[in-house]
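Chemist: how would this look folded up:
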Amino acid sequence: MKTVLITGANKSIGFETAKQLLEKGLFVYLGSRNLEKGEEAVKQLKSKGFNNVEAIQIDVANQESVDSARVELGKRTETLDVLINNAGITGDVPQNALDVTIDNFKNTYETNVYGPIRVTQAFIDLLKKSPEPRIVNVSSGQGSLTLASDPTNIYYPYKAAVYQSSKSALNMYTVVLAYELRETPFKVNAVDPGFTKTDFNGHHGTGTVEDAGSRIVKYALIGKEGPTGKYFSEEVNPETGEIPW
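Modeler: As a prediction, the model looks like this:
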């Protein structure tokens with residue numbers, strides 16, 4: 001049975017992604033910054049008949065928490081097949097380039113950029129034991145420099161200096177990580193789940209968590225001939241999914 005760790009999985013897109021992967025027969029380690037909320041999410045899933053799920057306490061913005069999660073997961077499994085770096089925050093608003101504070105950048109980057117790096121580095125040894133390891137970094141179409149600078153893009157007027165730049169930085173980490181693992185069985189991609197109605201954006205999105213989860217699951221389970229080092233947003237490009245960096 002394949003195993004997956006999903007950060008920020010106690011609610012919203014992470015929770016739905018966990019549910020869909022459980023439906024496909026994976027064993028899900030549901031990462032949650034708050035263990036009680038993680039355990040409650042596990043109870044919800046088990047009430048629906050999904051038994052192969054356990055909560056893992058992990059605060060991606062805290063190195064000690066990430067290290068402790070690695071130790072704990074190592075007690076439960078020798079191999080990790082899929083890592084989904086889903087945990088993220090928007091940062092304080094507004095985020096005008098001339099007014100935003102450096103602390104806002106620092107706080108947001110701790111979760112959105114340094115978080116996935118911490119988690120990837122901490123769990124890479126378990127992933128290397130998998131015959132088909134997959135890493136999905138949950139990004140945003142708002143992190144595309146090309147789209148953000150295109151006046152014809154529907155989201156062109158919506159600018160957020162902190163959030164957008166944090167996703168752009170995550171995208172570059174994805175590119176470099178995929179390159180370094182290019183001669184291995186790893187597949188590493190950045191995936192935009194779409195503008196989804198969640199607590200994350202005050203439920204102002206246009207898409208559903210079901211659609212968002214399915215987009216992440218698709219790239220978490222790609223086969224040997226699948227892409228790596230790519231950036232996908234099926235909301236932006238419904239035909240092939242791939243979008244410019």
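
Chemist: mind checking how far the closest residue to residue 117 other than its chain neighbours is from residue 224?
Modeler: In space, residue 117 comes closest to residue 173 once its chain neighbours are excluded; the distance is 6.2 Å by Cβ to Cβ, 6 or more residues apart in numbering. Every residue, glycine included, has its C-beta placed from N, CA and C. According to Cβ to Cβ, to the nearest Å, residue 173 and residue 224 sit 24 Å apart.

Chemist: who's more crowded, these two?
Modeler: residue 173 (18 against 8; other Cβ atoms under 10 Å).

Chemist: mind saving the C-alpha coords of the strand or helix carrying the more buried one as PDB?
Modeler: Using DSSP states H and E, the element containing residue 173 is helix 161-180. The C-alpha coordinates for helix 161-180 follow below in PDB (Å, rounded to 0.1, in the frame of the first residue of the first chain):
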ATOM      1  CA  ALA A 161       3.400  41.300  -3.200                       C
ATOM      2  CA  VAL A 162       3.900  38.800  -0.400                       C
ATOM      3  CA  TYR A 163       1.700  35.900  -1.400                       C
ATOM      4  CA  GLN A 164       2.500  36.000  -5.100                       C
ATOM      5  CA  SER A 165       6.300  36.200  -4.600                       C
ATOM      6  CA  SER A 166       6.200  33.400  -2.000                       C
ATOM      7  CA  LYS A 167       4.600  31.100  -4.600                       C
ATOM      8  CA  SER A 168       7.100  32.300  -7.300                       C
ATOM      9  CA  ALA A 169       9.900  31.300  -4.900                       C
ATOM     10  CA  LEU A 170       8.300  27.900  -4.300                       C
ATOM     11  CA  ASN A 171       8.100  27.400  -8.000                       C
ATOM     12  CA  MET A 172      11.800  28.000  -8.400                       C
ATOM     13  CA  TYR A 173      12.600  25.600  -5.600                       C
ATOM     14  CA  THR A 174      10.400  23.000  -7.500                       C
ATOM     15  CA  VAL A 175      12.500  23.600 -10.700                       C
ATOM     16  CA  VAL A 176      15.800  23.200  -8.900                       C
ATOM     17  CA  LEU A 177      14.600  20.100  -6.900                       C
ATOM     18  CA  ALA A 178      13.300  18.400 -10.000                       C
ATOM     19  CA  TYR A 179      16.600  19.100 -11.800                       C
ATOM     20  CA  GLU A 180      18.700  17.600  -9.000                       C
END
